[in-house]
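A.B. asks: following is a predicted model, sequence given first.
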Amino acid sequence: MPAVARTTADLTRLRAALPGPVALVPTMGALHEGHRALVRAARERAGSVVVSVFVNPTQFGPGEDLDRYPRTWDADLAALTEEGADVVFHPPVEEVYPPGALGVTVDPGPLGSVLEGAVRPGHFTGVLTVVAKLLGLARPDLAYFGEKDYQQLTLVRAMVRELALPLEVVGVPTVREDDGLALSSRNRYLSAGQRVTAATISRALRAGADAGPRGADAVLAAAGAVLATAPELVPDYLALTDPDLGPAPVSGPARLLVAARAGDTRLLDNVPVPLGGPR
Ligand SMILES: Nc1ncnc2c1ncn2[C@@H]1O[C@H](COP(=O)(O)OP(=O)(O)OP(=O)(O)O)[C@@H](O)[C@H]1O
Ligand SMILES: CC(C)(CO)[C@@H](O)C(=O)[O-]
Ligand code: BAL
């Protein structure tokens with residue numbers, strides 16, 4: 001069973017005794033196979049694996065699902081025991097945001113206001129601020145993030161690079177259900193009907209990626225046509241970008257990203273797209 005740190009002091013003490021290299025896997029709990037894949041990837045390269053389980057209030061906007069976000073601590077600890085995590089940091093909110101703090105935050109820059117950031121203003125300030133705190137507390141050599149949250153991964157990489165933080169960020173490919181749906185803690189909100197419909201999202205991305213050799217317009221048209229077959233899914237965006245979330249190139253590597261709502265549940269997904277461009 002991993003050692004459990006409830007306070008920053010516990011984490012600092014436990015961290016000091018860990019054999020390196022140390023990997024950090026930040027999560028909000030409600031763990032599934034996607035999280036387990038991050039821990040396994042971390043195990044492959046690290047001497048010790050620290051997992052944080054913390055539902056970070058500052059990345060939720062007013063009216064979002066902070067209060068009903070699934071909290072499954074006993075099952076999470078059992079999963080992390082199976083996966084061989086060494087330390088789990090599971091603090092109360094006051095440990096991470098102590099009363100009386102001055103409220104310094106990390107500004108994600110312009111990339112924090114597009115795509116997810118346009119729909120969830122302030123979200124990436126909350127994400128980068130808590131990730132910076134976790135990195136400062138756990139002082140990992142490696143930190144693992146899923147490609148499912150591609151904009152988050154891109155912004156964490158940018159923060160580490162641009163603030164010269166001394167660690168390597170490792171991205172892990174998206175783990176999917178058999179029908180293609182990306183695993184997500186929020187999938188448990190879906191009704192049986194919405195769960196079936198939700199698979200349309202990954203089908204749309206696959207259709208888009210298959211159209212890559214025919215160029216950017218064909219990619220968006222193919223993905224959009226599949227999404228439109230499920231009127232119960234309301235897209236927030238369907239976007240084709242370069243791999244760093246800049247404007248899509250004419251040819252070469254690109255990324256196709258989608259966010260869609262099924263009822264009150266927002267689902268995200270993305271895939272790489274090799275663009276052929278005009279010949
Ligand atoms: N299907 C997945 N495959 C790979 N990594 C994943 C997957 N789902 C989540 N992750 C990664 O796990 C880490 C923790 O994510 P988080 O705890 O928010 O889970 P989540 O399933 O993304 O939940 P949510 O429903 O809140 O988006 C993030 O780096 C995230 O990208
Ligand atoms: C990285 C993270 C743990 C920060 O709260 C969260 O955004 C998540 O679970 O993806
Ligand atoms: N996995 C992203 C965390 C969030 O939606 O707040």
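C.D. replies: Nice, I can see it. Ligands and ions are numbered 1, 2, ... in the order given.

A.B. asks: C-terminal to the helix or strand residue 160 falls within, which secondary structure element comes first?
C.D. replies: Using DSSP states H and E, residue 160 maps to helix 150-162. Note on helix 150-162: by DSSP H and E, the next helix or strand toward the C-terminus is strand 168-172.

A.B. asks: and the strand or helix carrying residue 25 with strand 168-172, angle?
C.D. replies: Per DSSP H and E: residue 25 is located in strand 22-27. For strand 22-27 against strand 168-172, the angle by axes from the mean of the first three to the mean of the last three C-alpha atoms, to 10 degrees is 50 degrees.

A.B. asks: contacts for strand 22-27 next, please.
C.D. replies: Residues outside strand 22-27 that contact it (C-beta atoms under 8 Å, 6 or more residues apart in numbering) are 15, 35, 38-39, 42-43, 45-54, 85, 130-131, 134-135, 138-145. In short, each C-beta sits where N, CA and C put it, glycine included.

A.B. asks: make a PyMOL selection of the buried ones in those.
C.D. replies: Buried subset of those, written as a PyMOL selection, criterion 16 or more other C-beta atoms under 10 Å:
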select buried, resi 15+35+38+39+42+43+46+48+49+50+51+52+53+54+85+130+131+134+135+138+139+140+141+142+143+144+145
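
A.B. asks: how many other residues sit next to the residue of the stretch 151-279 of the chain found nearest ligand 2?
C.D. replies: Closest contact between the stretch 151-279 of the chain and ligand 2, by C-beta to the nearest ligand atom, is at residue 152 (5.7 Å). Using other C-beta atoms under 10 Å, residue 152 has 22 other residues around it.

A.B. asks: per-residue pLDDT of it, please?
C.D. replies: pLDDT for residue 152: 99.

A.B. asks: quick one: contacts for it?
C.D. replies: By C-beta under 8 Å, 6+ apart, the neighbours of residue 152 are 116, 124, 127, 145.

A.B. asks: which element is the second one on?
C.D. replies: In this case it means residue 124. helix 123-138.

A.B. asks: count of neighbours near residue 88?
C.D. replies: By the criterion of other C-beta under 10 Å, residue 88 has 26 neighbours.

A.B. asks: let me see the contact set for the spatially most central residue of the chain.
C.D. replies: Closest residue to the average C-alpha location of the chain: residue 149 at 3.3 Å, with C-alpha atoms, centre = their mean. Residues in contact with residue 149 (C-beta under 8 Å, 6+ apart) are residue 268.
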